[in-house]
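[1] give me a 3D structure for the following:
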Amino acid sequence: MSEPRGKGPVLEMRDVRKSYGEEVKVEVLHGIDLVVEHGELVALIGPSGSGKSTLLNLLGLLDRPSSGTLRILGQDVSEADDDVRTHLRAKALGFVFQFHHLVPALSAEENVRLPLSIARGRVSDADVPRALELLGEVGLSDRAKALPRQLSGGQQQRVAIARALAHDPPLVLADEPTGNLDTETADGVFELFRRFHRERGTAFIVVTHDPRIAQRCDRVVSLLDGVVVSDVRNGHAKA
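    Below is the predicted model:
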């Protein structure tokens, strides 16, 4: 595996709680403690309604905790303003979703360089080599000019992975990335995660209902009713 990309955790949550509602508040997350180091490959599992999506929204800086501390790359973002959160999201995070969310009118290559264009504030041909390099790494060199509708589901997901890695983020959040794929294609997608994790030191948090995927991660965090009920690393429960 590559050397760690930084010192300290890539993310840290301490006693994080999240509530919804105005007059009557309903608490969904109840004091979450979670630390993920650079280069870890973590599965996040739990039944529907356990709080996984809420937790992922907080980690992705799409929502704010009601209380507690959330740090990304050592920076406390619990109460950071929108500009800080947007900048850190673009710098530190990559996202892979179950349904790809590729832009239909853009080619595979254009979709991959979208995060770079957003970061630059403009489209630049200087980003094309990076996009083509990543498409090659996910086995789609010959599909760079294809539109999403011309690609299979597995190919679209590989484009989405390349897009998530375009700006070389230290942390990728993947929400059921294999949930819409057949077993063989899902295995191929997960192997891409493992390879980028191994070769680049990228940390991944993978939300999954697939026990086969969870078992192949370095660590499995189980959520139930808004509480972390277990955190298992290499087959041994974390104290």
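[2] next one: the spatially most central residue of the chain from D127, what distance?
    By Cα atoms, centre = their mean, the chain has its centre lying nearest to L173, at 1.0 Å. L173 sits 22 Å away from D127, taking Cβ to Cβ, to the nearest Å as the criterion. Where C-beta positions appear, they are placed from N, C-alpha and C, glycine not excepted.
[3] E40 now?
    Distance from E40 to D127, counting by Cβ to Cβ: 28 Å.
[4] cool, and P115?
    P115 is 9 Å from D127, by Cβ to Cβ.
[5] what sits in contact with each of these two?
    Shared contacts of P115 and D127 (Cβ atoms under 8 Å, 6 or more residues apart in numbering): A166.
[6] that older thread, for the residue nearest to the centre of the chain, helix, strand, or coil?
    With DSSP: H, G, I helix; E, B strand; the rest coil as the basis, L173 sits in strand.
[7] now do the same contact list for it.
    Per Cβ under 8 Å, 6+ apart, neighbours of L173: L56, L59, G60, L93, G94, F95, V96, F204, I205, V207.
[8] among those residues, which are located in strands?
    Using DSSP state E, the members of the contacts of L173 that fall within strands are L93, G94, F95, V96, F204, I205, V207.
[9] tell me the bridge partners for the residue nearest to the centre of the chain.
    On the basis of DSSP bridges, L173 is bridged to F95, I205.
[10] need the per-residue pLDDT for it.
    What the model reports as pLDDT for L173 is 92.
[11] what distance do you get for it to S152?
    Distance, L173 to S152, by Cβ to Cβ: 24 Å.
[12] isn't S222 right up against V229?
    Yes: counting by Cβ atoms under 8 Å, S222 touches V229, with 5.2 Å between them.
[13] neighbour count for these two, which is higher?
    S222 (17 against 11; other Cβ atoms under 10 Å).
[14] quickly find the element holding the more buried one.
    Here S222, judged by DSSP states H and E, is contained in strand 219-224.
[15] tilt between that strand and strand 203-207?
    If you take axes from the mean of the first three to the mean of the last three Cα atoms, to 10 degrees, strand 219-224 sits at 40 degrees to strand 203-207.
[16] for the remainder of this discussion, apply numbering that starts at 362.
    Sure thing, new numbering starts at 362, so read that last one as strand 580-585.
[17] and strand 580-585, which strands flank it?
    Counting by DSSP bridges, strand 580-585 is paired with strand 402-406 (parallel), strand 588-594 (antiparallel).
[18] out of these, which gets nearest to E494?
    Minimum separation from E494 across these (Cβ to Cβ) falls at strand 402-406, 22.4 Å.
[19] report the mean per-residue pLDDT for the closest one.
    Mean predicted lDDT for strand 402-406 stands at 92.
[20] what does it contact?
    Residues outside strand 402-406 that contact it (Cβ under 8 Å, 6+ apart) are 397, 413, 416-417, 554-555, 558, 564-570, 572, 574-575, 578-584.
[21] could you do stretch 466-483 as well?
    451-452, 455, 463-464, 484-485, 488-489, 491-493, 495-496, 501, 504-509, 512, 520-521, 523-525, 527-528.
[22] what about 6 Å?
    451, 463-464, 484, 488, 492, 495, 504-507, 520, 523-524, 527-528 (Cβ atoms under 6 Å, 6 or more residues apart in numbering).
[23] just the buried members of those?
    Of the members of these, the ones counted as buried by neighbours, 16 or more other Cβ atoms under 10 Å, are L463, D488, A492, L495, R504, A505, A507, V520, A523, R524, A527, H528.
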